[in-house]
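Enquirer: Sequence isn't available, so here's the structure alone:
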RNA sequence: GCGGAAGUGGCGGAAUUGGCAGACGCGCUAGCCUCAGGAGCUAGUGGCCGCAAGGCCAUCGGGGUUCGAGUCCCCGCUUCCGCACCA
């Protein structure tokens, strides 16, 4: 009987579907396990890079199921997004049509791979039944002040006359037409993620089962720094600057250096800049320079080095410690969005300020030295950024930096000029998109009542079917009058809907909760169901989501928690970031034309060979280069297992073959095979469950198969696959019942361990071995540590660090006996005779090391 | 520039607690089987010396700790990733 995997794929996929094998409900009597792979953007075709992630998750899910867990393993579609809309603009299908057909195709691909999803829980974020709850949650956040509206700058393409997302700005220009991108101020909706900044940062310490790399990236992204806000009063008021007219507030982490602050720098976006321009001798030139900095910023940042530029505003501020007036400049490297958008410049102790001062001939004053002695400013070749002892700092001279910071902040605080603060790099999350294919933001603007949420009972605000996608103008929804024009829920008067849609990262920030209760039409989910299933026990996906998706999801978990819907803070207990699959050294992509299509591989080798290969080729987190020959090797292994079973099937498959435990006595070869089988169970279990080293789990099984071949070779039947000789009658020649029991035990363990990797082949073999129940419902094999233990071990003996002999000894040999045997070994004595053994180190069960002189 | 990870045969990779480096697979070589082999089975396969027994060298390079280092420490090189004027 030859191995024809394609037939097995079909047969078992149909059976699993018919028996609803992977559908689950809450069952308090069993431990639960929530296994989740990041859901997919339905681009149309999954390539083997995507598929790797689903296979990893499936191996984990299938293993956990066999180990007695109630396993939730769902899948869904991150179905809103730009590519579908852009295709429509280019004259393609409506996003709704193309998305549905892409989903259908990709779902088929996953099903052909035999991934054990609970398909009845499938969801797509473009379904109104799903995005209704985005809107519901948005309104709850609005009520709590976590969603708010303010002006902010966005990327604007003057040629296409539209807003661009950050990722659509390529080298400072529009991705479509190349026109340099401008910044524009627009009203935008924001989520107040910064309210949770400290918590999101601090709780990274609790994520012990996340990769350190991801935690580091998140910590850096949040970017907490402690310092002080200090007010530098203006020498004279700036007309037309409103409340901010009488002082510049700066943020500094080095208030200890403030006596060396010889000028103040404003970012070009700072509100005072515009006001100062109006009062300068040449307002037009002033504005032109400031505007140049703002547009330059983005383009220059890409080229890496930005030359420091600036100009004097002509205004001066008073250093609150020295009471001296210092010039105010506008500088291109001061960021408008960070801190207060203004800094005090201390050229002696900050490298950026140092370069700026040297370039524009501004004064440099040393106020911190390593030893408390003056340091001539003229001798500096770079800024002295280290902490030290203060000098030339009035009453604070002689203090250490840390103590000075505390005292100086306190002193200024009394005068109302400073305040200790914590600053974050993390900014509030702007979620408005001037796009069609996303969740409509459920807000209404009324002249009389202002911003009014759509009442809950009117949700969802359904995305209208738009016929034309021109790609021009503002949000496509604004061009649909029957969508825009609405009556105000408060006063009933004429009002206007919000026409922006939500960032698609909103959709993906909570879908893992919805899987726990995907058809609920009264709430986003039943808290009891989420309490049973969540947090996700095992989450895997690409490292490219290390910051965005994973930080947003952590934020949403806290929002749900504070709404009383969930009782945890962290949604993902364990995170695995799987490596990409490369072809020709590059990440697979349609545009590069280097995608490997799983369906082609399936037709040739079957789903199991593909699954096995992808697991065997490298540990899951590692990047791998696709290799057809390797896939063929995995196919060969499965065929080899198949032949092995074929060879033994009649002999061991019958009734009444008992356990080796009931056999009177096993011969050495039988004991060795049995030991190997039990030790393989131990290794494979640990590799999957503890180490997540799926590649070594596969190689352990390959070793067992090799040993079973060798054992078969030793019996009179010969090795499987070798053509039966005329003089050997294959069937029935094995007279040792013990051998039959041992082989049966080994095969049954092997096929169960193999089943998460190669489920179709395993099911078929299981059935051939006489089992009526599917292997997916079988229990994971157990091992007996006593049997798994080696009876005899080989212990190397080193002389002066080199292996000179090997002793074969009983496993339980004592250290003293080992030492005696080593010294008595003839091969060793040739190295020790006539010399002194100065030291003997015995690592029991491992090695003996002699130092000889 | 800063931060992180990594560097092991011809290739992918293994080495679990500091204890036999190279498991397992690919590729390659030989034998068997065969009308045939790009199938299968068996054996071999880090380099150098040697008929062999055996010896020497070997985990990016250089030092160190240790009876013993791929693994720990220091210096350097290379690659990949992340951040990149965050005051």
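Expert: Yes, it's here. As the structure is a computational prediction, the values presented were derived from the model and not from experiment.
Enquirer: Looks to me like residue A:216 is in a strand.
Expert: No. Residue A:216 is assigned helix when assessed by DSSP: H, G, I helix; E, B strand; the rest coil, not a strand.
Enquirer: State the distance from it to residue A:157.
Expert: According to Cβ to Cβ, to the nearest Å, residue A:216 and residue A:157 sit 35 Å apart. All C-beta spots, glycine's among them, are computed from the backbone N, C-alpha and C.
Enquirer: got it, and residue A:146?
Expert: Distance, residue A:146 to residue A:157, by Cβ to Cβ: 31 Å.
Enquirer: where in chain A is pLDDT low?
Expert: Regions of chain A meeting the criterion pLDDT under 70 cover residues A:160-161, A:164-178, A:241-244, A:296-306, A:467, A:470-474, A:654-656, A:716-735.
Enquirer: Show me where the stretch 451-600 of chain A has its strands.
Expert: A:485-487, A:494-497, A:501-502, A:538-542, A:575-578, A:581-583, A:586-587 (DSSP state E, counting those that start in this stretch).
Enquirer: List the buried residues of the first one.
Expert: Buried residues in strand A:485-487, defined by neighbour count with 16 or more other Cβ atoms under 10 Å: residue A:486.
Enquirer: Please apply the same query to stretch A:390-407.
Expert: Buried residues in stretch A:390-407, counted by 16+ other Cβ under 10 Å: A:390-393, A:396, A:399, A:401, A:404-405.
Enquirer: And the furthest pair within these?
Expert: A:392 and A:405 (16.7 Å; Cβ to Cβ).
Enquirer: Over to residue A:32: give its phi and psi.
Expert: The phi and psi values for residue A:32, taken as degrees, to the nearest 10, are phi -100, psi 160.
Enquirer: Verify the stated contact: it with residue A:65.
Expert: No. Using Cβ atoms under 8 Å, residue A:32 is not in contact with residue A:65, being 11.4 Å away.
Enquirer: of these two, who's got more company?
Expert: Neighbours per residue, other Cβ atoms under 10 Å: of residue A:32 and residue A:65, the larger number sits with residue A:65, 24 against 17.
Enquirer: Which residues are in contact with the more buried one?
Expert: Residue A:65 sits next to A:71, A:116, A:776 when contact means Cβ atoms under 8 Å, 6 or more residues apart in numbering.
Enquirer: The second one touches residue A:62, doesn't it?
Expert: Yes. Between residue A:116 and residue A:62 there is a contact at 5.7 Å, judged by Cβ under 8 Å.
Enquirer: got any residues that touch both of the two?
Expert: A:759, A:776.
Enquirer: ok, of the buried residues of stretch A:390-407, which one's closest to RNA strand B?
Expert: RNA strand B lies nearest to residue A:405 out of these, by Cβ to the nearest atom of the strand, at 11.0 Å.
Enquirer: can you pull the contacts of the closest one?
Expert: A:228, A:254-256.
Enquirer: Export those residues as a markdown table, with columns for distance to RNA strand B.
Expert: Listed next are these as a markdown table, based on distance: Cβ to the nearest atom of the strand, whole Å:
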| residue | distance to RNA strand B |
| --- | --- |
| A:228 | 8 |
| A:254 | 5 |
| A:255 | 8 |
| A:256 | 11 |
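Enquirer: Looking at the residues you listed, state which has the most neighbours.
Expert: Neighbour max across the contacts of residue A:405 (other Cβ under 10 Å) = residue A:256, 29 neighbours.
Enquirer: Now do that one against residue A:357, distance only.
Expert: 19 Å.
Enquirer: any shared contact partners between residue A:32 and residue A:65?
Expert: residue A:71.
Enquirer: quick one: the strand or helix carrying residue A:315 to chain centroid distance?
Expert: Per DSSP states H and E, residue A:315 falls inside strand A:310-318. Centroid separation for strand A:310-318 versus its chain: 46 Å, with Cα atoms, centre = their mean, to the nearest Å.
Enquirer: for stretch A:256-275, same thing?
Expert: Here stretch A:256-275 is found 39 Å from its chain centre; the criterion is Cα atoms, centre = their mean.
Enquirer: same check, this time on stretch A:149-157
Expert: Distance, centroid of stretch A:149-157 to centroid of chain: 28 Å (Cα atoms, centre = their mean).
Enquirer: Please enumerate the strands of the stretch 51-200 of chain A.
Expert: Secondary structure of the stretch 51-200 of chain A (DSSP E, counting those that start in this stretch): strands located at A:70-72, A:76-77, A:123-124, A:147-157, A:162-164, A:169-170, A:173-174, A:182-191.
Enquirer: so can I have JSON lines of those showing distance to residue A:601?
Expert: Below are the strands of the stretch 51-200 of chain A laid out as JSON lines (distance: least, Cβ to Cβ, whole Å):
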{"stretch": "strand A:70-72", "distance to residue A:601": "27"}
{"stretch": "strand A:76-77", "distance to residue A:601": "23"}
{"stretch": "strand A:123-124", "distance to residue A:601": "27"}
{"stretch": "strand A:147-157", "distance to residue A:601": "41"}
{"stretch": "strand A:162-164", "distance to residue A:601": "38"}
{"stretch": "strand A:169-170", "distance to residue A:601": "33"}
{"stretch": "strand A:173-174", "distance to residue A:601": "39"}
{"stretch": "strand A:182-191", "distance to residue A:601": "42"}
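Enquirer: Next, format these as JSON lines and append mean neighbour count.
Expert: Formatted as JSON lines, the strands of the stretch 51-200 of chain A follow (neighbours: other Cβ atoms under 10 Å):
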{"stretch": "strand A:70-72", "mean neighbour count": "23"}
{"stretch": "strand A:76-77", "mean neighbour count": "24"}
{"stretch": "strand A:123-124", "mean neighbour count": "20"}
{"stretch": "strand A:147-157", "mean neighbour count": "17"}
{"stretch": "strand A:162-164", "mean neighbour count": "20"}
{"stretch": "strand A:169-170", "mean neighbour count": "16"}
{"stretch": "strand A:173-174", "mean neighbour count": "19"}
{"stretch": "strand A:182-191", "mean neighbour count": "18"}
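Enquirer: I'd like those strands laid out as JSON lines, including distance to RNA strand B.
Expert: Converted to JSON lines, the strands of the stretch 51-200 of chain A look like this (distance: least, Cβ to the nearest atom of the strand, whole Å):
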{"stretch": "strand A:70-72", "distance to RNA strand B": "25"}
{"stretch": "strand A:76-77", "distance to RNA strand B": "25"}
{"stretch": "strand A:123-124", "distance to RNA strand B": "28"}
{"stretch": "strand A:147-157", "distance to RNA strand B": "14"}
{"stretch": "strand A:162-164", "distance to RNA strand B": "18"}
{"stretch": "strand A:169-170", "distance to RNA strand B": "14"}
{"stretch": "strand A:173-174", "distance to RNA strand B": "19"}
{"stretch": "strand A:182-191", "distance to RNA strand B": "15"}
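Enquirer: Tell me which of these lies nearest to residue A:665.
Expert: Comparing those by Cβ to Cβ, strand A:70-72 comes nearest, at 41.2 Å.
Enquirer: Identify the neighbouring strands of that closest one in the sheet and state each direction.
Expert: Within its sheet, strand A:70-72 is paired with strand A:32-37 (parallel), according to DSSP bridges.
Enquirer: what's next to the partner strand, contact-wise?
Expert: A:26, A:53-54, A:56-57, A:60-61, A:64, A:69-75, A:512, A:515, A:532-541.
Enquirer: Generate CSV for the strands of the stretch 451-600 of chain A, with distance to RNA strand B as supplementary columns.
Expert: Shown next, in CSV, are the strands of the stretch 451-600 of chain A (distance: least, Cβ to the nearest atom of the strand, whole Å):
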stretch, distance to RNA strand B
strand A:485-487, 40
strand A:494-497, 35
strand A:501-502, 22
strand A:538-542, 11
strand A:575-578, 10
strand A:581-583, 10
strand A:586-587, 9
